[in-house]
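Enquirer: need coordinates for the following:
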Amino acid sequence: MTALIILLVVVALAFDFLNGLHDAANSIATIVSTRVLSPRWAVAWAAFFNFVAFAVFGLHVATTIGTGIVSPTIISDSVIFGALMGAISWNVITWLAGIPSSSSHALIGGLVGAGLCKGGWGVVVWKGLGTTIAAIVLSPASGFVLALLLVLAVSWLFVRAAPARVDYIFRHVQFVSASAYSLGHGGNDAQKTMGIIAALLFAHGLEGGKFFVPLWVVLACQTAMALGTLFGGWRIVRTMGSRITRLTPLQGVCAETAGSITLFMATYLGIPVSTTHTITGAIVGVGAARRVSAVRWNVAKDIVVAWVLTMPAAALIGAGFYWLAGATGMM
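Expert: Numbering: from 1, shown residues only. All right, here's what the predicted structure looks like:
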């Protein structure tokens, strides 16, 4: 590989690290806010399951990112650079502001913005992009509905149990639900960077004319995301874990279980969904199950605004970096 390809792979892994850092809150916010685990142990727990996810899921999401958002024939160094820098820039902005935006949609937005700059509207694979955009609504809606139903069902099952007994049981069950959610997070999110790196290798003819994700790419991406998760994202943890609604262990289990089910289905179908959107919808669902006023809707509104802005903002930034790379002769 040339030095430029190696540099772009490093930038991609830096994005994956920031993805783990930025989205650590998705995996640990509920288990930290319910005080089942301390932040230090929670991030280690989540990082482990983020890493082993590659052994559980296929690589359908990576294929979607690599070939199903923009035509692989227009992928170039400058397109990859624009996509990654657009996503990284938006991630840093929202991380500093403590806003749980979507790293996934930032990457897709950056890829579309850079791709449009190179080839125009004809390069967009509308089926794949349309499914991804639909998931912006469907993944949090699924998390919300499933979490709401789970809370109602579990509350009915334990209606006669002493509150202390219920709390004790679900403090232990939450280890399982948090593990499942971290597994789903690692399975869906890390694959997006795998798809970007595989597309870069394919564009340079390093995959023998057939798109696939090499094992070293899988291991490198899972490792980068796990390391990012280990460093955590505490501003966003506070937003996710306590500012939207206060959580009990029972509610934490229901939110994480609802999120896990949504992520497992999406990953199986190869749909790159936002883990941030999914768990936020689930947290709002468990809060609304208690009472509507239990949810701080002004905080939820600010998060939704960030969701709407993420793809177009990252697309504009990605287009800017694509232009910069071409204008300066960097690539």
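Enquirer: for the host helix or strand of residue 95, buried residues please.
Expert: Using DSSP states H and E, residue 95 sits in helix 77-97. Neighbour-count burial for helix 77-97, counted by 16 or more other C-beta atoms under 10 Å, picks out 77-91, 93-95. In this view, the C-beta of every residue, glycine as well, is placed from N, C-alpha and C.
Enquirer: same for that helix, what does it pack against?
Expert: Contacts defined by 3 or more C-beta pairs under 8 Å, 6 or more residues apart in numbering; DSSP states H and E place helix 77-97 against helix 3-33, helix 103-119, helix 163-203, helix 234-238, helix 297-327.
Enquirer: looking at those, which one is packed in the most?
Expert: helix 103-119 (a mean of 27; mean count of other C-beta atoms under 10 Å).
Enquirer: let me know the next secondary structure element after that helix.
Expert: Downstream of helix 103-119 (by DSSP H and E), the next one is helix 126-157.
Enquirer: what's the burial count for residue 134?
Expert: 12 (other C-beta atoms under 10 Å).
Enquirer: span of stretch 230-247 from start to end?
Expert: Stretch 230-247 has an end-to-end distance of 23 Å (criterion: C-alpha to C-alpha, to the nearest Å).
Enquirer: same question, stretch 92-103
Expert: Where stretch 92-103 begins and where it ends lie 10 Å apart, using C-alpha to C-alpha.
Enquirer: now it: mean pLDDT?
Expert: Stretch 92-103 carries an average pLDDT of 76.
Enquirer: what's next to stretch 117-129, contact-wise?
Expert: 64, 67-71, 74, 76, 78-79, 82, 108, 112, 115-116, 319, 322-323 (C-beta atoms under 8 Å, 6 or more residues apart in numbering).
Enquirer: so how far is residue 166 from the residue lying farthest from the centre of the chain?
Expert: Computed with C-alpha atoms, centre = their mean, the maximum C-alpha offset from the centroid of the chain is found at residue 160, amounting to 38.0 Å. Distance, residue 160 to residue 166, by C-beta to C-beta, to the nearest Å: 10 Å.
Enquirer: low-confidence stretches in the stretch 51-200 of the chain?
Expert: 98-100 (pLDDT under 70).
Enquirer: and with 80 instead?
Expert: Along the stretch 51-200 of the chain, the parts satisfying pLDDT under 80 run over 95-102, 136.
Enquirer: cool, and the stretch 201-331 of the chain?
Expert: Those would be 208-209, 229-247, 276, 287-307, 326-331, if you go by pLDDT under 80 across the stretch 201-331 of the chain.
Enquirer: let's see 70
Expert: Checking the stretch 201-331 of the chain against pLDDT under 70 turns up 232-246, 291-303, 327, 329-331.
Enquirer: quick one: closest of the helices and strands packed on helix 77-97 to residue 144.
Expert: helix 297-327 (10.5 Å; C-beta to C-beta).
Enquirer: helices or strands next to that closest one in the packing?
Expert: helix 77-97, helix 103-119, helix 126-157, helix 275-290.
Enquirer: let me have those in TSV, extended by distance to residue 171.
Expert: Formatted as TSV, these follow (distance: least, C-beta to C-beta, whole Å):
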stretch	distance to residue 171
helix 77-97	30
helix 103-119	30
helix 126-157	14
helix 275-290	16
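Enquirer: what's the closest of those helices to residue 225?
Expert: Using C-beta to C-beta, those put helix 103-119 closest to residue 225, at 9.8 Å.
Enquirer: what angle separates the closest one from helix 3-33?
Expert: 150 degrees (axes from the mean of the first three to the mean of the last three C-alpha atoms, to 10 degrees).
Enquirer: so how far is helix 103-119 off the chain centroid?
Expert: When distances are taken as C-alpha atoms, centre = their mean, to the nearest Å, helix 103-119 is centred 16 Å away from the chain's centroid.
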